[in-house]
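kindly return the folded structure for what I paste below:
(one chain, ligands or ions: 1)
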Amino acid sequence: MKSSGKRLVSVLEGQAGAPPPVWLMRQAGRYLPEYRELRAKAGSFWTMCNDPVMATEISLQPIRRFGFDAAIIFSDILTVPFALGRTVKFEENVGPTLDAVTSAEGLERDPAIWQQKLSPAYETLRLVRPKLPAETSLLGFAGAPWTLATYMAAGRGGDEQKAAKLWGYRDPKSFGTLLDVLGDCVAAHLIAQIEAGADAVQIFDSWASGLPADVFQRWVVAPTKRIVEKVRAVKPHAKIIGFPRATTLQGYEFYADETGVDGISVDTSAPQDWMSEIDVPVQGNLDPLLLVTGGSAMDRAVDELVDAMRGRPFIFNLGHGVLQETPPEHVAALVARVRK
Ligand code: CP3
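Predicted coordinates for the structure are as follows:
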């Protein structure tokens, strides 16, 4: 296959970049004054996600300011539950709330409806694409079935995934159906994003930690493998990054081997000696709080990570998203440090 010439894509093809390409999860968002200003006008996060013109502007804000190697479209993982017919709300200081589901029945299964409800993301990709520098990669994304199921089962985040786990343990069959429907929708969503111009896509499994090993295989690895296969059946050269956040080192390796993703994004706890030895392109993993800290503590950590990963296929990123209290100057300093 002809290489796109984009630095992030070539890392996912197994080549080391010097310096490594850099972008940050949640690089668009509340730590940027220009984002806050737009949000005050728009009224809500969800309105902005579903307005391609605003979402385009927000996707481009961090590119203009910092010149990252990749732009990620401004959207949310909860667009997929919305496409399946759920009600999704984002309340100030509460985070997302959904109408909780307890059965796999009643979920929207018509791909034409999914497509229509997810269309703002495709339009955003089409609008962002021509506005990016030629060497900047464009990223699409989706939540993984397990993480989406945790929000759908509980109606919100952050309860240690109890509702989804209990559903999965009590009724594996209907929980499996839920994961399958989610997987079908996520695969269709990723394919449509690639068609709309994404150079690569990332699958966020934010709640992959703490699962018993056999359950990790069934609820995280198998559904992701199924998605990768569905995407590759239509887009054989699709570039896919998987982020089974905060799983074990064995979990990351098993996930990478089994799912066939092109790269794995790893959380802050992954050690550099392990990252520099595994057999798959890696993205990560500076602690977001070091980016809040800035100064020499951040510089030292950036240098160590870049040094440890020299000569390896590596994408510089955080171990999780940019925090709201991050000073934008620290982000500029980080990008300069990675590239120095
Ligand atoms: O990375 C990017 O810049 C692209 C946009 C993006 C957002 N959410 C925008 C957003 C991406 C890739 C996501 C993914 C996402 N959304 C995840 C997976 C990554 C992760 O953080 O683990 C999850 C779990 C969600 C669900 C979600 N969306 C939550 C739990 C919240 C509330 C928490 C918070 O930070 O407020 C959101 C809201 C959200 N998604 C914001 C942004 C910029 C904040 C919106 C605002 O208040 O303006």
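
what packs against the longest helix along the chain?
Scanning the chain for the longest helix, with DSSP state H as the assignment, gives helix 172-195. When contacts are defined as 3 or more CB pairs under 8 Å, 6 or more residues apart in numbering; DSSP states H and E, helix 172-195 sits against helix 79-83, helix 111-117, helix 119-128, strand 137-143, helix 145-154, helix 162-170, strand 200-205, helix 222-234. Every residue, glycine included, has its C-beta placed from N, CA and C.

what pLDDT, on average, does it get?
Confidence over helix 172-195 (mean pLDDT, whole number) is 98.

which parts of it are buried?
175-176, 178-179, 181-194 (16 or more other CB atoms under 10 Å).

likewise for stretch 12-26?
Quick answer for stretch 12-26 (16+ other CB under 10 Å): L12, G17, P19, P20, P21, V22, W23, L24, M25, R26.

which of those residues come close to the ligand?
Among the buried residues of stretch 12-26, proximity to the ligand is found for M25, R26 (CB under 6 Å from any ligand atom).

show me the buried residues of stretch 12-26 that map onto helices.
Among these, DSSP H puts L12 in helices.

rewinding a little: which one, of the helices and strands packed on helix 172-195, ends up nearest to the ligand?
strand 200-205 (3.8 Å; CB to the nearest ligand atom).

paired strands for that closest one, with orientation please.
Strand 200-205 sits in its sheet next to strand 137-143 (parallel), strand 240-244 (parallel), going by DSSP bridges.

got the angle for the last one vs helix 172-195?
With axes from the mean of the first three to the mean of the last three CA atoms, to 10 degrees as the basis, strand 240-244 and helix 172-195 are set at 140 degrees to each other.

with just CA atoms, put strand 240-244 into PDB.
This file holds the C-alpha atoms of strand 240-244, laid out as PDB (Å, rounded to 0.1, in the frame of the first residue of the first chain):
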ATOM      1  CA  ILE A 240      -7.100   1.500  14.100                       C
ATOM      2  CA  ILE A 241      -5.800   2.400  17.600                       C
ATOM      3  CA  GLY A 242      -7.300   0.600  20.600                       C
ATOM      4  CA  PHE A 243      -7.300   2.000  24.100                       C
ATOM      5  CA  PRO A 244      -8.300  -0.600  26.700                       C
END
